[in-house]
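**Q** Pasting the sequence and the predicted coordinates here, then a few questions.
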Amino acid sequence: MAEYWWSARLAALALHPEVQLPAVAPPGFARLRPLIHKGWEMVLAALELSRPDLDLEACLVDYRGLLQAALERWQLTPEQLQGALEDRRHRALVQDRAAWLALHHPYPGVPERLARLAAEGSDWVVLTTKGRAFACELLAGHGLEPLAVFGHEQGTKPEVLLRLAQERPDISLWFVEDRRPTLEQVRSTPGLEAVRCFLVSWGYLGPQDCQGLPQGILLLEPDRFAAPLADWP
């Protein structure tokens, strides 16, 4: 969360220097975060949070409507917002990589569990809506070496999973994700019926995300995530 706000705030100020944004993420950003899917949306959310008349409750009810109205209000495109975000992150890496990495705080036990996968003979890859270069820097900063990293440049997560399934029909794909709509999209994508889908109980979940999960999406608690793969649900 610290890095998300830090980068989104700087990107927003680069696009609209006149806005006032606090150095520390306001409570509204944390409430919007479970709904945010792509990086550019974070920058747009930061701009919206600069508005004294913002109706946050209405935004939470109709987030998609918020995005469209905000794009028109600020006269910006997703490409402009994404470009500003990646420019800020690139500058941070060039100017002070250690400081940028220090803004990230992994969930306890997750880096260690990922590192154990290789020892268990299980290859793992990363699918992220971050830019691939930034994801690689972050993983390297925690000593993690996945088989491959797919950023937003390589397509959506269902698209990447479909390519993996088609290229390697002999392997079993397990997809671990903290965004329920993404898992539901995977479940409804033809060709991905065999992918095992897990919703982790940590991360940026909405209040109702763990309730009434549809068939084919299994809840993964930290203790089961830490256990051998044979013990997963």
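**A** It's in. This is a predicted model, so every value here is computed, not measured.
**Q** Give the next helix or strand downstream of the longest helix seen in the chain.
**A** In terms of residue count, the longest helix belonging to the chain (DSSP state H) is helix 78-102. Along the chain past helix 78-102, the next helix or strand (assigned with DSSP states H and E) turns out to be helix 110-119.
**Q** could you pull out the strands for this structure?
**A** Taking DSSP state E as the test, the strands found in the chain are 125-127, 148-150, 174-177, 196-200, 217-220.
**Q** any chance of those strands in CSV, plus mean pLDDT?
**A** Below are those laid out as CSV (pLDDT from 0 to 100):
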stretch, mean pLDDT
strand 125-127, 97
strand 148-150, 98
strand 174-177, 97
strand 196-200, 97
strand 217-220, 96
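**Q** ok, and for the longest helix of the chain, which residues are buried?
**A** Neighbour-count burial for helix 78-102 flags Gln80, Leu81, Gln82, Gly83, Ala84, Leu85, Glu86, Arg88, Arg89, Ala92, Trp100, Leu101 (criterion: 16 or more other CB atoms under 10 Å). In this view, the C-beta of every residue, glycine as well, is placed from N, C-alpha and C.
**Q** same thing with stretch 102-118?
**A** The neighbour-count check on stretch 102-118 (16+ other CB under 10 Å) flags Val110, Leu114 as buried.
**Q** got the contact list for it?
**A** 2-3, 6, 123-124, 138, 141-146, 202-203, 222, 225-226 (CB atoms under 8 Å, 6 or more residues apart in numbering).
**Q** which ones among the residues you listed are found in helices?
**A** Reading helices off the contacts of stretch 102-118 with DSSP H, I get Ala2, Glu3, Trp6, Leu138, Gly141, Pro222, Phe225, Ala226.
**Q** State the pair within those that is farthest apart.
**A** Across the ones in helices among the contacts of stretch 102-118, no pair lies farther apart than Trp6 and Ala226, at 29.5 Å, counting by CB to CB.
**Q** more crowded one of these two?
**A** Neighbour count, other CB atoms under 10 Å: between Trp6 and Ala226, Trp6 has more, with 19 against 14.
**Q** Good, wrapping up.
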